[in-house]
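Trainee: Structure, please.
(one chain, ligands or ions: 1)
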Amino acid sequence: MSDEIEWWEYDDAAEMAAAVADDIGFIIESAIDARGAAVIALPGGKTPLPIYDKLSSAKLEWKRVTIIPGDERIVPLGDPLSNVTALAKFFLPKGARVMPIVPHAIEDYKAAGRSADALMQDLHWPLDLCLLGVGSDGHTASIFPGPDYDEALTGPKERRALGVMPDPMPADAPVPRVTLSMAAITAARALMIAVAGKEKRAVVEAAIKEGKSSKSPIGQALARTELPVDIHWAPN
Ligand SMILES: O=C1O[C@H](COP(=O)(O)O)[C@@H](O)[C@H](O)[C@H]1O
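Mentor: Sure, this is the predicted structure:
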């Protein structure tokens with residue numbers, strides 16, 4: 001369990017975006033200083049979009065930065081639900097390498113997961129940063145309760161990604177997914193969470209209280225990492 005969980009509270013989404021973008025920029029610069037390159041995983045969904053807007057305007061050596069979505073919905077590239085498509089809009093014009101982890105929306109979600117895992121084996125590991133979002137149902141990345149939950153939480157540590165069929169399906173994007181495994185998430189050099197709204201705050205607070213016995217994916221992420229975790233929160 002992380003014994004250093006720190007909440008950072010902001011007045012609004014714009015203030016949170018500026019602070020989180022600064023932190024990510026610092027992590028990217030440090031990795032480039034240390035090794036000449038940075039590899040980061042960023043979440044999908046709507047909450048992080050203002051962060052990406054701010055981060056993409058930062059003066060960084062973008063050509064040295066690889067960005068992967070920490071999870072992907074299995075939909076064609078360009079689909080409004082595609083997480084990498086949203087990331088590509090912000091960061092491809094800057095020169096970053098934005099890597100689709102599901103380049104083809106194949107029907108077999110387990111095969112999509114295996115293919116994403118194989119793609120990721122070529123990346124420098126561990127990730128320099130994994131930024132996580134949280135759903136109001138407590139999911140993080142695309143780790144959901146369902147038939148693949150145990151595999152996502154306790155699969156071999158070499159497995160970086162896997163296919164997931166959420167059960168129940170989340171109403172806002174009811175499709176199978178590919179996600180980073182819990183092992184890949186918790187092995188990252190830095191772990192940050194960005195959430196908005198009172199409902200999600202309550203979900204994360206409950207998960208922290210429950211500790212190792214938490215049934216929610218975000219609770220399991222916090223229980224399984226040894227890293228200090230910054231949780232950034234804005235009311236909207
Ligand atoms: O489905 C997903 O949901 C979560 C939360 O998204 P938000 O729109 O409520 O911010 C996100 O972190 C995850 O990457 C995404 O695929």
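Trainee: ok, Val164 - contacts?
Mentor: Val164 makes contacts with 109, 113, 142-144, 146, 148, 152, 176-179, as judged by CB atoms under 8 Å, 6 or more residues apart in numbering. (Each C-beta comes from the backbone N, C-alpha and C, glycine too.)
Trainee: how much space is there between Ala194 and the ligand?
Mentor: Relative to the ligand, Ala194 is positioned 8 Å away (CB to the nearest ligand atom, to the nearest Å).
Trainee: That residue falls within a strand, correct?
Mentor: Yes: the assignment for Ala194 by DSSP: H, G, I helix; E, B strand; the rest coil puts it in a strand.
Trainee: what about the helices in this structure?
Mentor: When assigned using DSSP state H, the helices of the chain occupy the ranges 13-35, 49-55, 83-91, 109-120, 149-154, 182-187, 198-210, 217-224.
Trainee: and the angle from the last one to helix 198-210?
Mentor: Using axes from the mean of the first three to the mean of the last three CA atoms, to 10 degrees, the interaxial angle of helix 217-224 with respect to helix 198-210 works out to 40 degrees.
Trainee: starting at the chain centroid, how far to helix 217-224?
Mentor: With CA atoms, centre = their mean, to the nearest Å as the basis, helix 217-224 stands 13 Å off its chain's centre.
Trainee: Kindly report the same for the longest one.
Mentor: The offset between the C-alpha centroid of helix 13-35 and the centroid of the whole chain comes to 15 Å, using CA atoms, centre = their mean.
Trainee: pLDDT (mean, whole number) over that helix?
Mentor: Computed over helix 13-35, the mean pLDDT rounds to 98.
Trainee: check whether that helix contacts the ligand.
Mentor: No: for helix 13-35 and the ligand, the contact criterion (CB under 6 Å from any ligand atom) is not met; the two come no nearer than 10.8 Å.
Trainee: Just the buried residues of that helix, please?
Mentor: Of the residues in helix 13-35, 13, 16-17, 19-21, 23-24, 27-29, 31-32 count as buried by neighbour count, 16 or more other CB atoms under 10 Å.
Trainee: Check these against the ligand and report the nearest one.
Mentor: For the buried residues of helix 13-35, the closest approach to the ligand (CB to the nearest ligand atom) belongs to Ala13, at 10.8 Å.
Trainee: isn't that closest one right next to Pro50, touching?
Mentor: Yes: using CB atoms under 8 Å, Ala13 and Pro50 qualify as a contacting pair, with a distance of 5.1 Å.
Trainee: For this structure, which residues are neighbours of the ligand?
Mentor: Contacts of the chain with the ligand, taken as CB under 6 Å from any ligand atom, map to 43-47, 71, 83, 133, 135, 142, 170, 173.
Trainee: From these, list just the buried residues.
Mentor: Among the residues of the chain next to the ligand, those buried by neighbour count (16+ other CB under 10 Å) are 43-45, 47, 71, 83, 133, 135, 142, 170, 173.
Trainee: In TSV, list these along with pLDDT.
Mentor: Supplementary listing: these in TSV, determined by pLDDT from 0 to 100:
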residue	pLDDT
Pro43	98
Gly44	98
Gly45	95
Thr47	97
Asp71	98
Asn83	98
Gly133	98
Gly135	97
Ser142	98
Pro170	96
Ala173	96
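Trainee: Which ones among those residues map onto strands?
Mentor: In this view, those that belong to strands under DSSP state E are Asp71.
Trainee: could I get the buried ones among the residues of the chain next to the ligand as CSV with distance to Ile193?
Mentor: Converted to CSV, these look like this (distance: CB to CB, whole Å):
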residue, distance to Ile193
Pro43, 9
Gly44, 14
Gly45, 13
Thr47, 10
Asp71, 14
Asn83, 17
Gly133, 8
Gly135, 12
Ser142, 15
Pro170, 18
Ala173, 19
